[in-house]
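[1] Dropping a prediction and its sequence here:
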Amino acid sequence: QAKGDGRNCFKYFSEELTLAARERIKTEFHLRQALERGELSLFYQPQFRVTDGKIIGAEALIRWRTADGEMIPPLRFIPIAEETGLITVIGNWVIETTCSQGKEWLNAGLPPLRLAVNLSSKQFLHSDICEVIEKTLAKTGFPAHLLELELTESILMKREKEAIDILNRLHELGVHLAIDDFGTGYSSLAYLKSFPLDVLKIDKSFIEDIPRHSDDMEITATIIAMAKNLRMRVVAEGVESPEQMTFLQKHQCDLYQGYYSSPPLPAAEFAYFYAQHCTDKQA
Ligand code: C2E
Ligand code: MG
Ligand code: MG
Ligand code: MG
(Lines give C-alpha, C1' and ligand atoms only; values in the text may rest on other atoms or scores of the structure.)
(Ligands and ions follow the chains in the order given, each with its own letter.)
Protein backbone atom coordinates (compact mmCIF):
# COMPACT_ATOMS: atom_id res chain seq x y z
CA GLN A 1 0.00 0.00 0.00
CA ALA A 2 2.72 2.39 1.06
CA LYS A 3 4.45 1.87 -2.26
CA GLY A 4 1.27 2.70 -4.15
CA ASP A 5 0.73 5.88 -2.13
CA GLY A 6 4.25 6.99 -2.80
CA ARG A 7 3.82 6.53 -6.49
CA ASN A 8 0.58 8.50 -6.50
CA CYS A 9 2.23 11.18 -4.53
CA PHE A 10 5.12 11.37 -6.95
CA LYS A 11 2.83 11.39 -9.92
CA TYR A 12 0.77 14.22 -8.43
CA PHE A 13 3.88 16.21 -7.60
CA SER A 14 5.42 15.87 -11.02
CA GLU A 15 2.17 16.88 -12.70
CA GLU A 16 2.12 20.00 -10.57
CA LEU A 17 5.63 20.89 -11.65
CA THR A 18 4.79 20.30 -15.26
CA LEU A 19 1.77 22.53 -14.92
CA ALA A 20 3.76 25.35 -13.36
CA ALA A 21 6.49 25.00 -15.96
CA ARG A 22 3.94 24.90 -18.75
CA GLU A 23 2.20 27.97 -17.38
CA ARG A 24 5.48 29.86 -17.30
CA ILE A 25 6.43 28.85 -20.83
CA LYS A 26 2.99 29.94 -22.02
CA THR A 27 3.25 33.34 -20.34
CA GLU A 28 6.79 33.77 -21.63
CA PHE A 29 5.56 33.02 -25.15
CA HIS A 30 2.69 35.51 -24.80
CA LEU A 31 4.99 38.16 -23.38
CA ARG A 32 7.42 37.82 -26.26
CA GLN A 33 4.53 38.07 -28.65
CA ALA A 34 3.19 41.09 -26.76
CA LEU A 35 6.49 42.89 -27.31
CA GLU A 36 6.51 42.08 -31.02
CA ARG A 37 2.87 43.02 -31.50
CA GLY A 38 3.24 46.28 -29.65
CA GLU A 39 0.87 45.29 -26.85
CA LEU A 40 3.17 46.81 -24.26
CA SER A 41 3.07 50.53 -23.65
CA LEU A 42 4.16 53.04 -21.06
CA PHE A 43 1.90 55.25 -19.00
CA TYR A 44 3.32 58.34 -17.31
CA GLN A 45 2.33 59.52 -13.86
CA PRO A 46 3.19 63.16 -13.08
CA GLN A 47 5.20 64.03 -9.98
CA PHE A 48 4.19 67.34 -8.41
CA ARG A 49 6.07 69.72 -6.17
CA VAL A 50 4.30 69.85 -2.79
CA THR A 51 4.77 73.61 -2.25
CA ASP A 52 3.13 74.86 -5.46
CA GLY A 53 1.78 71.85 -7.33
CA LYS A 54 4.15 72.32 -10.27
CA ILE A 55 4.93 69.18 -12.32
CA ILE A 56 8.63 68.37 -11.92
CA GLY A 57 8.80 64.89 -13.37
CA ALA A 58 6.95 61.73 -14.29
CA GLU A 59 7.27 58.02 -13.62
CA ALA A 60 7.02 55.62 -16.56
CA LEU A 61 4.84 52.59 -15.71
CA ILE A 62 4.48 49.62 -18.03
CA ARG A 63 1.09 48.45 -19.27
CA TRP A 64 0.11 45.31 -21.18
CA ARG A 65 -3.11 45.41 -23.14
CA THR A 66 -3.75 42.08 -24.84
CA ALA A 67 -5.35 41.72 -28.27
CA ASP A 68 -8.76 41.10 -26.67
CA GLY A 69 -8.51 44.34 -24.69
CA GLU A 70 -7.61 42.87 -21.31
CA MET A 71 -5.27 45.05 -19.20
CA ILE A 72 -2.72 42.93 -17.36
CA PRO A 73 -1.16 44.80 -14.42
CA PRO A 74 2.66 44.88 -14.18
CA LEU A 75 2.73 42.97 -10.91
CA ARG A 76 1.23 40.00 -12.78
CA PHE A 77 3.83 39.81 -15.52
CA ILE A 78 7.01 41.56 -14.33
CA PRO A 79 7.81 38.75 -11.83
CA ILE A 80 7.38 36.16 -14.62
CA ALA A 81 9.54 38.25 -16.92
CA GLU A 82 12.17 38.21 -14.16
CA GLU A 83 12.02 34.44 -13.76
CA THR A 84 12.29 33.74 -17.46
CA GLY A 85 14.99 36.33 -18.13
CA LEU A 86 12.70 38.25 -20.50
CA ILE A 87 13.02 41.20 -18.16
CA THR A 88 16.24 42.24 -19.90
CA VAL A 89 14.48 42.65 -23.25
CA ILE A 90 11.44 44.30 -21.66
CA GLY A 91 13.56 46.47 -19.38
CA ASN A 92 15.70 47.68 -22.26
CA TRP A 93 12.54 48.45 -24.20
CA VAL A 94 11.23 50.49 -21.25
CA ILE A 95 14.47 52.49 -20.99
CA GLU A 96 14.67 53.16 -24.72
CA THR A 97 10.97 54.03 -25.05
CA THR A 98 11.15 56.45 -22.12
CA CYS A 99 14.27 58.19 -23.44
CA SER A 100 12.91 58.49 -27.01
CA GLN A 101 9.61 59.77 -25.66
CA GLY A 102 11.39 62.28 -23.44
CA LYS A 103 13.47 63.49 -26.35
CA GLU A 104 10.36 63.81 -28.52
CA TRP A 105 8.68 65.96 -25.88
CA LEU A 106 11.75 68.18 -25.66
CA ASN A 107 11.84 68.50 -29.45
CA ALA A 108 8.17 69.43 -29.43
CA GLY A 109 9.01 72.33 -27.13
CA LEU A 110 7.67 70.99 -23.84
CA PRO A 111 9.65 72.30 -20.85
CA PRO A 112 12.24 69.76 -19.61
CA LEU A 113 10.95 67.21 -17.17
CA ARG A 114 12.64 64.34 -15.38
CA LEU A 115 11.47 60.86 -16.35
CA ALA A 116 11.79 57.98 -13.91
CA VAL A 117 12.09 54.33 -14.93
CA ASN A 118 11.71 51.27 -12.65
CA LEU A 119 14.55 48.74 -12.72
CA SER A 120 14.13 45.16 -11.57
CA SER A 121 16.85 43.34 -9.68
CA LYS A 122 17.84 40.97 -12.53
CA GLN A 123 18.10 43.91 -14.86
CA PHE A 124 20.24 45.75 -12.38
CA LEU A 125 22.62 42.99 -11.33
CA HIS A 126 22.72 40.59 -14.26
CA SER A 127 22.95 42.82 -17.28
CA ASP A 128 25.36 45.52 -18.18
CA ILE A 129 22.97 48.21 -17.08
CA CYS A 130 25.57 50.99 -17.23
CA GLU A 131 26.35 50.23 -20.84
CA VAL A 132 22.66 49.99 -21.70
CA ILE A 133 21.95 53.38 -20.13
CA GLU A 134 24.97 55.04 -21.72
CA LYS A 135 24.16 53.70 -25.20
CA THR A 136 20.47 54.54 -24.95
CA LEU A 137 21.18 58.13 -23.88
CA ALA A 138 23.62 58.52 -26.78
CA LYS A 139 21.24 56.93 -29.29
CA THR A 140 18.16 58.93 -28.29
CA GLY A 141 19.85 62.19 -27.36
CA PHE A 142 17.92 62.38 -24.09
CA PRO A 143 19.98 64.28 -21.47
CA ALA A 144 21.31 62.08 -18.65
CA HIS A 145 20.28 64.51 -15.92
CA LEU A 146 16.65 64.13 -16.97
CA LEU A 147 16.68 60.36 -16.45
CA GLU A 148 16.01 58.85 -13.03
CA LEU A 149 16.36 55.16 -12.20
CA GLU A 150 14.20 53.65 -9.46
CA LEU A 151 15.54 50.72 -7.47
CA THR A 152 14.09 48.86 -4.51
CA GLU A 153 15.73 48.14 -1.19
CA SER A 154 15.89 44.43 -1.94
CA ILE A 155 18.05 45.10 -5.01
CA LEU A 156 20.56 47.04 -2.93
CA MET A 157 20.54 44.53 -0.07
CA LYS A 158 21.16 41.57 -2.36
CA ARG A 159 24.74 42.33 -3.28
CA GLU A 160 25.73 45.39 -1.45
CA LYS A 161 29.26 45.93 -2.73
CA GLU A 162 28.36 45.17 -6.31
CA ALA A 163 25.33 47.45 -6.07
CA ILE A 164 27.36 50.40 -4.78
CA ASP A 165 29.78 49.90 -7.63
CA ILE A 166 27.05 49.95 -10.26
CA LEU A 167 25.34 52.95 -8.64
CA ASN A 168 28.58 54.90 -8.67
CA ARG A 169 29.09 54.18 -12.35
CA LEU A 170 25.52 55.21 -13.12
CA HIS A 171 26.01 58.40 -11.15
CA GLU A 172 29.06 59.22 -13.22
CA LEU A 173 26.84 59.13 -16.30
CA GLY A 174 24.78 61.90 -14.71
CA VAL A 175 21.50 60.04 -14.17
CA HIS A 176 19.58 60.41 -10.91
CA LEU A 177 19.06 57.43 -8.62
CA ALA A 178 15.98 56.81 -6.51
CA ILE A 179 15.06 54.23 -3.90
CA ASP A 180 11.49 53.06 -4.47
CA ASP A 181 8.92 51.64 -2.01
CA PHE A 182 11.05 52.82 0.88
CA GLY A 183 10.08 51.34 4.22
CA THR A 184 8.88 47.97 2.94
CA GLY A 185 12.30 46.30 3.08
CA TYR A 186 14.69 45.89 5.94
CA SER A 187 17.20 48.64 5.32
CA SER A 188 17.58 51.44 7.80
CA LEU A 189 18.01 55.08 6.95
CA ALA A 190 21.55 55.04 8.31
CA TYR A 191 22.34 52.20 5.91
CA LEU A 192 21.15 54.37 3.03
CA LYS A 193 24.13 56.64 3.53
CA SER A 194 26.46 54.10 1.93
CA PHE A 195 24.59 54.33 -1.38
CA PRO A 196 24.84 57.29 -3.77
CA LEU A 197 21.09 57.96 -3.95
CA ASP A 198 19.40 61.25 -4.86
CA VAL A 199 15.76 60.46 -4.25
CA LEU A 200 13.74 58.54 -1.67
CA LYS A 201 10.21 57.42 -2.46
CA ILE A 202 8.08 56.68 0.59
CA ASP A 203 6.01 53.56 -0.03
CA LYS A 204 2.31 54.16 -0.51
CA SER A 205 1.41 51.77 2.29
CA PHE A 206 2.50 54.48 4.78
CA ILE A 207 0.65 57.28 2.98
CA GLU A 208 -2.51 55.19 2.62
CA ASP A 209 -3.46 55.35 6.30
CA ILE A 210 -2.79 59.04 6.87
CA PRO A 211 -4.50 60.50 8.89
CA ARG A 212 -6.15 57.39 10.39
CA HIS A 213 -3.04 55.70 11.79
CA SER A 214 -0.81 57.83 13.96
CA ASP A 215 1.98 55.23 13.62
CA ASP A 216 2.14 55.69 9.88
CA MET A 217 2.11 59.46 10.31
CA GLU A 218 5.06 59.30 12.65
CA ILE A 219 6.98 56.95 10.38
CA THR A 220 6.32 59.18 7.37
CA ALA A 221 7.37 62.33 9.23
CA THR A 222 10.56 60.59 10.41
CA ILE A 223 11.43 59.32 6.93
CA ILE A 224 10.94 62.83 5.47
CA ALA A 225 13.10 64.45 8.15
CA MET A 226 15.91 61.93 7.87
CA ALA A 227 15.92 61.89 4.08
CA LYS A 228 16.34 65.66 4.22
CA ASN A 229 19.26 65.25 6.59
CA LEU A 230 20.82 62.92 4.04
CA ARG A 231 20.14 65.61 1.38
CA MET A 232 17.83 63.39 -0.61
CA ARG A 233 14.73 64.56 -2.42
CA VAL A 234 11.65 62.92 -0.86
CA VAL A 235 8.67 61.76 -2.89
CA ALA A 236 5.40 60.51 -1.39
CA GLU A 237 3.65 57.80 -3.45
CA GLY A 238 -0.05 57.03 -3.60
CA VAL A 239 -1.39 60.39 -2.43
CA GLU A 240 -5.17 60.31 -2.72
CA SER A 241 -6.67 62.81 -0.27
CA PRO A 242 -6.48 66.48 0.78
CA GLU A 243 -5.67 65.35 4.36
CA GLN A 244 -2.60 63.54 3.08
CA MET A 245 -1.59 66.65 1.13
CA THR A 246 -1.92 68.83 4.23
CA PHE A 247 0.25 66.39 6.14
CA LEU A 248 2.96 66.41 3.43
CA GLN A 249 2.92 70.21 3.30
CA LYS A 250 3.29 70.42 7.05
CA HIS A 251 6.28 68.07 7.03
CA GLN A 252 7.81 69.63 3.93
CA CYS A 253 7.87 66.62 1.69
CA ASP A 254 9.38 67.67 -1.66
CA LEU A 255 7.27 65.89 -4.27
CA TYR A 256 4.21 63.67 -4.49
CA GLN A 257 2.42 61.48 -6.96
CA GLY A 258 -1.02 59.95 -6.69
CA TYR A 259 -4.62 59.82 -7.81
CA TYR A 260 -5.25 63.01 -5.83
CA SER A 261 -3.72 64.95 -8.73
CA SER A 262 -3.39 62.44 -11.57
CA PRO A 263 -3.33 58.70 -12.29
CA PRO A 264 -0.71 57.33 -14.72
CA LEU A 265 -1.69 58.54 -18.22
CA PRO A 266 -1.07 57.28 -21.76
CA ALA A 267 1.78 59.23 -23.42
CA ALA A 268 -0.42 61.51 -25.55
CA GLU A 269 -2.73 62.33 -22.64
CA PHE A 270 0.22 63.00 -20.40
CA ALA A 271 1.76 65.41 -22.92
CA TYR A 272 -1.54 67.25 -23.20
CA PHE A 273 -1.95 67.41 -19.43
CA TYR A 274 1.61 68.66 -18.97
CA ALA A 275 1.37 71.30 -21.72
CA GLN A 276 -1.91 72.57 -20.25
CA HIS A 277 -0.39 72.61 -16.78
CA CYS A 278 2.67 74.59 -17.94
CA THR A 279 0.51 77.24 -19.58
CA ASP A 280 -1.65 77.52 -16.45
CA LYS A 281 1.39 77.87 -14.21
CA GLN A 282 2.82 80.62 -16.40
CA ALA A 283 -0.37 82.67 -16.48
P1 C2E B 1 5.86 51.39 -8.18
O2 C2E B 1 7.09 51.67 -8.95
O3 C2E B 1 5.90 51.60 -6.71
O4 C2E B 1 4.73 52.26 -8.87
C5 C2E B 1 3.70 52.90 -8.17
C6 C2E B 1 2.40 52.18 -8.34
O7 C2E B 1 1.39 52.88 -7.61
C8 C2E B 1 1.89 52.10 -9.77
O9 C2E B 1 1.23 50.85 -9.93
C10 C2E B 1 0.88 53.24 -9.82
O11 C2E B 1 -0.10 53.09 -10.83
C12 C2E B 1 0.28 53.13 -8.45
N13 C2E B 1 -0.34 54.38 -7.99
C14 C2E B 1 -0.11 55.63 -8.41
N15 C2E B 1 -0.85 56.53 -7.71
C16 C2E B 1 -1.57 55.82 -6.83
C17 C2E B 1 -2.54 56.18 -5.81
O18 C2E B 1 -2.85 57.33 -5.58
N19 C2E B 1 -3.07 55.16 -5.08
C20 C2E B 1 -2.71 53.86 -5.30
N21 C2E B 1 -3.29 52.91 -4.53
N22 C2E B 1 -1.82 53.47 -6.24
C23 C2E B 1 -1.25 54.46 -7.00
P24 C2E B 1 1.42 49.97 -11.24
O25 C2E B 1 1.51 50.86 -12.43
O26 C2E B 1 0.39 48.90 -11.20
O27 C2E B 1 2.85 49.33 -11.02
C28 C2E B 1 3.08 48.43 -9.98
C29 C2E B 1 4.55 48.11 -9.85
O30 C2E B 1 5.03 47.40 -10.99
C31 C2E B 1 5.44 49.35 -9.74
O32 C2E B 1 5.40 49.85 -8.43
C33 C2E B 1 6.77 48.77 -10.15
O34 C2E B 1 7.37 48.13 -9.06
C35 C2E B 1 6.37 47.72 -11.17
N36 C2E B 1 6.59 48.28 -12.53
C37 C2E B 1 5.80 49.10 -13.26
N38 C2E B 1 6.36 49.39 -14.44
C39 C2E B 1 7.56 48.75 -14.46
C40 C2E B 1 8.63 48.66 -15.42
O41 C2E B 1 8.63 49.29 -16.50
N42 C2E B 1 9.69 47.88 -15.06
C43 C2E B 1 9.76 47.22 -13.87
N44 C2E B 1 10.84 46.48 -13.60
N45 C2E B 1 8.78 47.30 -12.96
C46 C2E B 1 7.70 48.05 -13.24
MG1 MG C 1 8.43 53.11 -9.02
MG1 MG D 1 6.84 52.57 -5.36
MG1 MG E 1 4.63 50.13 -3.54
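    Sure, I can see it. Numbering: from 1, shown residues only. Ligands and ions are numbered 1, 2, ... in the order given.
[2] where exactly do the helices run in the stretch 151-283 of the chain?
    153-158, 160-173, 189-192, 204-208, 214-229, 242-250, 267-282 (DSSP state H, counting those that start in this stretch).
[3] how about the residues of the stretch 1-150 of the chain that lie near ligand 2?
    Contact residues, the stretch 1-150 of the chain versus ligand 2 (Cβ under 5 Å from the ion): N118, E150. Every residue, glycine included, has its C-beta placed from N, CA and C.
[4] Need the residues that contact stretch 89-103.
    31, 35, 40, 42, 60, 62, 78, 81, 113, 115, 117-120, 123, 127, 132-133, 136-137, 139-142, 146-147, 267 (Cβ atoms under 8 Å, 6 or more residues apart in numbering).
[5] Just the buried positions in it, please.
    I90, G91, N92, V94, I95, E96, T97, T98, C99, Q101, G102, K103 (16 or more other Cβ atoms under 10 Å).
[6] Any stretches of this structure with poor pLDDT?
    1-17, 186-188, 190, 282-283 (pLDDT under 70).
[7] ok, the residue of it found nearest ligand 4 to D280 distance?
    Closest residue of the chain to ligand 4, Cβ to the ion: D181 (4.3 Å). From D181 across to D280, the span is 31 Å (Cβ to Cβ, to the nearest Å).
[8] In terms of packing, which of those two has more residues around it?
    Set D181 next to D280 and count neighbours by other Cβ atoms under 10 Å: D181 wins out with 18 against 10.
[9] So which of the contacts of stretch 89-103 would count as near ligand 1 as well?
    I62, I78, N118, L119, S120 (Cβ under 6 Å from any ligand atom).
[10] got the residues you listed as CSV, with secondary structure columns?
    Listed next are these as CSV, based on DSSP: H, G, I helix; E, B strand; the rest coil:
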residue, secondary structure
I62, strand
I78, helix
N118, strand
L119, coil
S120, coil
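[11] now for those, which pair is the farthest apart?
    Maximum pairwise distance among those (Cβ to Cβ): 12.0 Å, between I62 and L119.
[12] Contacts made by the helix or strand that C130 is a member of with the rest, please.
    Following DSSP states H and E, one finds C130 within helix 129-140. The contact list for helix 129-140 (Cβ under 8 Å, 6+ apart) reads 92, 95-96, 99-100, 102-103, 119, 123, 142-144, 147, 149, 166, 169-170, 173, 175.
[13] out of the contacts of stretch 89-103, which are buried?
    In those, burial by neighbour count holds for 31, 35, 40, 42, 60, 62, 78, 81, 113, 115, 117-120, 123, 127, 132-133, 136-137, 140, 142, 146-147, 267, counting by 16+ other Cβ under 10 Å.
[14] Show me what from the chain comes close to ligand 3.
    Those residues of the chain that sit near ligand 3, judged by Cβ under 5 Å from the ion, are D180, D181, E237.
[15] Show the overlap between those residues and what lies near ligand 2.
    Checked against ligand 2 using Cβ under 5 Å from the ion, the residues of the chain next to ligand 3 give the following subset in range: D180.
[16] Keep only those of the residues of the chain next to ligand 3 that are in strands.
    The strands, defined by DSSP state E, take in D180, D181 from those.
[17] residue contacts, the residue nearest the centre of the chain?
    Geometric centre of the chain, nearest residue: N118, 3.2 Å, by Cα atoms, centre = their mean. If you count contacts by Cβ under 8 Å, 6+ apart, N118 has them with E59, A60, L61, I62, V94, E150, D180.
[18] got TSV for these, with secondary structure and distance to R49 too?
    Output for those, formatted as TSV (DSSP: H, G, I helix; E, B strand; the rest coil; distance: Cβ to Cβ, whole Å):
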residue	secondary structure	distance to R49
E59	strand	15
A60	strand	19
L61	strand	20
I62	strand	25
V94	helix	25
E150	strand	18
D180	strand	19
